[in-house]
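S.K.: here you go, sequence then predicted model.
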Amino acid sequence: MNWLGKVFVVLILLMSVIFMALSMAVYATHKNWKLVADNLNKQLEQATAEKEQLTTAHNRRVEELSTEIEAAEQQVRKLETERVSLADRNVQIQAELEQLKQKQGEQLATMTATQELNKGLTTEVTKLRDQIRTEQQARDAAVAATLTATEQLHQVSGEYNTARERNDQLVKQVSGMTHVMREKGINPNTEPESVVPTVNGVVSQIRRVGGAQLIEVTIGADDGLAAGNTLEVSRGGKYLGRIEILRTSPDKSVGRVDRRFQQGQIQEGDRVATRIKL
């Protein structure tokens, strides 16, 4: 073998070593791309599931917030209704106060007039007594008449004192009854025929007619109820609402639920009363 052959052999050996090194390097850096793709798909599916869970939670939270907003708006409307009712009640109380002031002025004027009358009567009695004493010596014949007149005068004075005491008693009685009526929530100026009796009963039947909820109760005209009266509804210690009586029969009545005062679902067996104590 000549030197050229040796050179080729050496070159072939070197090239073999180089290619072997390249092959080893390529094998060392080779990746399983299918495994990588599978891992990425799993991560994608996991991310998609998390996204759906987050979307569901978001929608649920939005519905909860909508419900809370609606409840808050209902509470605001309820408070506004109560505010208007209190404002109307305040106006009514102011009117009653003005009436009481006017009555007080009239009573003071009456008392002043009575005192003036009393002074006049006292002066008149004194004059009569002086006149009797002056004329008693000159008119012995009129002694009997004078005694009779004096007795009548004392009787009138006694009747006057009795009437004044009775007047004071009546004034105190009227004042006391007025205070009791106000404590019981009754307007002292209310006509006796318009006073609603205090009665109790239960809800016997519930039905709907059109958009109204009708309530049948176990008390009626025999208990003093009339169309236009209102009943308060409760269950246990909870206030449920108010119904307005539409028609009555001797032993039962039918009313309509007043939505403005409803605070719960009315059921058969719930208690109704014209004046409720919770």
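M.R.: Nice, thanks for sending it over. Numbers count the residues shown, from 1 in each chain.
S.K.: any weak-confidence spans in the stretch 1-150 of the chain?
M.R.: For the stretch 1-150 of the chain, the stretches with pLDDT under 70 are 1, 26-33, 36, 141-143, 145.
S.K.: assign residue 201 to helix, strand or coil.
M.R.: strand (DSSP: H, G, I helix; E, B strand; the rest coil).
S.K.: ok, now which ones touch it?
M.R.: Applying CB atoms under 8 Å, 6 or more residues apart in numbering to residue 201 gives the contacts 217, 218, 219, 223, 231, 271, 272, 273. Just so you know, the C-beta spots here come from the backbone N, C-alpha and C atoms, and that holds for glycine as well.
S.K.: look up the closest residue to it, ignoring the ones flanking it.
M.R.: Nearest residue to residue 201 in three dimensions, chain neighbours excluded: residue 219, at 3.7 Å (CB to CB, 6 or more residues apart in numbering).
S.K.: repeat that for residue 257.
M.R.: Excluding its sequence neighbours, the residue lying closest to residue 257 (CB to CB, 6+ apart) is residue 213, at 4.4 Å.
S.K.: what about that neighbour, helix or strand, and which?
M.R.: Using DSSP states H and E, residue 213 falls within strand 212-217.
S.K.: need the three-state assignment for residue 239.
M.R.: Here residue 239 is strand, with the state taken from three-state DSSP.
S.K.: that one: neighbouring residues, count only.
M.R.: Residue 239 has 15 neighbours, counted by other CB atoms under 10 Å.
S.K.: for the stretch 1-150 of the chain, just list every one of the helices.
M.R.: Here the stretch 1-150 of the chain has its helices, by DSSP state H, counting those that start in this stretch, at 3-29, 33-136, 143-183.
S.K.: the second one relative to helix 143-183, how many degrees between them?
M.R.: Looking back up the chat, that one is helix 33-136. Going by axes from the mean of the first three to the mean of the last three CA atoms, to 10 degrees, helix 33-136 is angled at 180 degrees with respect to helix 143-183.
S.K.: that older thread, contacting residues for the residue nearest to residue 257?
M.R.: Listed by CB under 8 Å, 6+ apart, the contact set of residue 213 reads 206, 207, 256, 257, 266.
S.K.: residue 10: what's it in contact with?
M.R.: By CB under 8 Å, 6+ apart, the contact set of residue 10 is empty.
S.K.: actually residue 204, sorry about that
M.R.: By CB under 8 Å, 6+ apart, the contact set of residue 204 is 216, 217, 218, 252, 268.
S.K.: recalculate using a threshold of 6 Å.
M.R.: Applying CB atoms under 6 Å, 6 or more residues apart in numbering, one finds that residue 204 lies in contact with 216, 218.
S.K.: before we move on, back to that, after the strand holding residue 213, next one along is what?
M.R.: Downstream of strand 212-217, the next assigned helix or strand under DSSP H and E is strand 230-235.
S.K.: quick one: strands adjacent to that next one?
M.R.: Under the criterion DSSP bridges, strand 230-235 sits next to strand 238-248 (antiparallel), strand 271-273 (antiparallel) in its sheet.
S.K.: count of neighbours near residue 8?
M.R.: Residue 8 has 11 neighbouring residues, counting by other CB under 10 Å.
S.K.: can you check residue 164 too?
M.R.: By the other CB under 10 Å criterion, the neighbourhood of residue 164 contains 12 residues.
S.K.: likewise residue 241?
M.R.: Residue 241: 21 neighbours (other CB under 10 Å).
S.K.: and what of residue 78?
M.R.: The local packing of residue 78 (other CB under 10 Å) involves 13 other residues.
S.K.: many thanks, have a good one.
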